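Novice: Got a sequence here, can you build the structure:
(chains A and B)
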Amino acid sequence: MKTKMKIGNQVRRLRFEHGEMTQQALAEKVGATRQTVLAIEGGKYAPSLELAFRIADAFGVGVEEVFQREYSE
Amino acid sequence: MSYQEKLICGQFVPLLLGCAYFFGVLHVGNRPWSLLWAIVLIVALQIVYFIVVAIFSKKEERDERDRLIEYKAYKVSYLSLMMLGGLWVWALVAQTFTTAQLTSPGLIIAVWFGVEALRTGTQLVLHRTSVSA
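Specialist: Sure, this is the predicted structure:
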């Protein structure tokens, strides 16, 4: 059976660990809209590599600490 | 409703009002000027709507997700327009309808409305649900 890959993320946790940063503040920092940050957090949108790196840079961590692969059957 | 969603509605709501006015008031027979009036009304309403949104809403730049949603919605409307175009050519060749019927302002406005409704609906749904490249 083919396994499906989903991209999970730690954006919400990282926001709270960085002084309870708001979605709006993160969006402005990475050059996206608040709706996009909301969609990423909810797993409804997988960002481009460029945006993923920008988000990781905003938290000062590596991209793998923000986004992870999640496999399901 | 986000700024982008307001802009999407800003293209559709005036079209809805313009079409309602066209079919309710202007559309009497096959007068070509009624199509022109409807287009003028729709464009004027869109300008007014965008001015109101610009005054009362905080401007947000479009990002990659907005562009992806727009691309997907335009793809849906383009494919439906191509399909309708194919049907139109078939109807013309098969002489199912008269040329006057196939070039009537009512049909043009109805196709425009249908395709725009599909595009707007797709964009609004994708803004609220998940979207992937």
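
Novice: so how far is the helix or strand hosting residue A:5 off the chain centroid?
Specialist: If you go by DSSP states H and E, residue A:5 is part of strand A:4-9. How far strand A:4-9 lies from its chain's middle: 11 Å, per Cα atoms, centre = their mean, to the nearest Å.

Novice: Okay, buried residues for the helix or strand containing residue A:25 please.
Specialist: Following DSSP H and E, one finds residue A:25 within helix A:23-30. For helix A:23-30, burial by neighbour count (16 or more other Cβ atoms under 10 Å in any protein chain shown) applies to A:23, A:25, A:26, A:27, A:30. Heads up, the C-betas are built off the backbone N, CA and C, glycines and all.

Novice: again with stretch B:9-16
Specialist: For stretch B:9-16, by 16+ other Cβ under 10 Å, it's B:9, B:10, B:11, B:12, B:14, B:15, B:16.

Novice: Need the phi and psi values for whatever residue of chain B ends up closest to chain A.
Specialist: In chain B, no residue comes nearer to chain A than residue B:130, which is 3.7 Å away by Cβ to the nearest Cβ. Main-chain torsions, residue B:130, degrees, to the nearest 10: phi -90, psi 150.

Novice: doesn't residue A:40 make contact with it?
Specialist: No: counting by Cβ atoms under 8 Å, residue B:130 stays clear of residue A:40, with 10.6 Å between them.

Novice: more crowded one of those two?
Specialist: A direct count of neighbours by other Cβ atoms under 10 Å in any protein chain shown for residue B:130 and residue A:40 places residue A:40 higher, at 27 against 11.

Novice: What strand or helix carries that one?
Specialist: Using DSSP H and E, residue A:40 falls within helix A:34-41.

Novice: List the buried residues in that helix.
Specialist: Buried positions in helix A:34-41, judged by neighbour count with 16+ other Cβ under 10 Å: A:34, A:35, A:36, A:37, A:39, A:40, A:41.

Novice: Now do the same contact list for residue 44.
Specialist: The chain I'm using is chain A. Residue A:44 makes contacts with B:129, B:130, B:131, as judged by Cβ atoms under 8 Å, 6 or more residues apart in numbering or on different chains.

Novice: let's do chain B instead
Specialist: Residue B:44 neighbours (Cβ under 8 Å, 6+ apart): residue B:14.

Novice: One more: residue B:102?
Specialist: B:88, B:91, B:92.

Novice: How much space separates the closest residue to residue A:12 other than its chain neighbours from residue A:31?
Specialist: Of all residues not flanking residue A:12 in the chain, residue A:41 sits nearest, at 5.0 Å (Cβ to Cβ, 6 or more residues apart in numbering or on different chains). For residue A:41, the distance to residue A:31 (Cβ to Cβ, to the nearest Å) stands at 17 Å.
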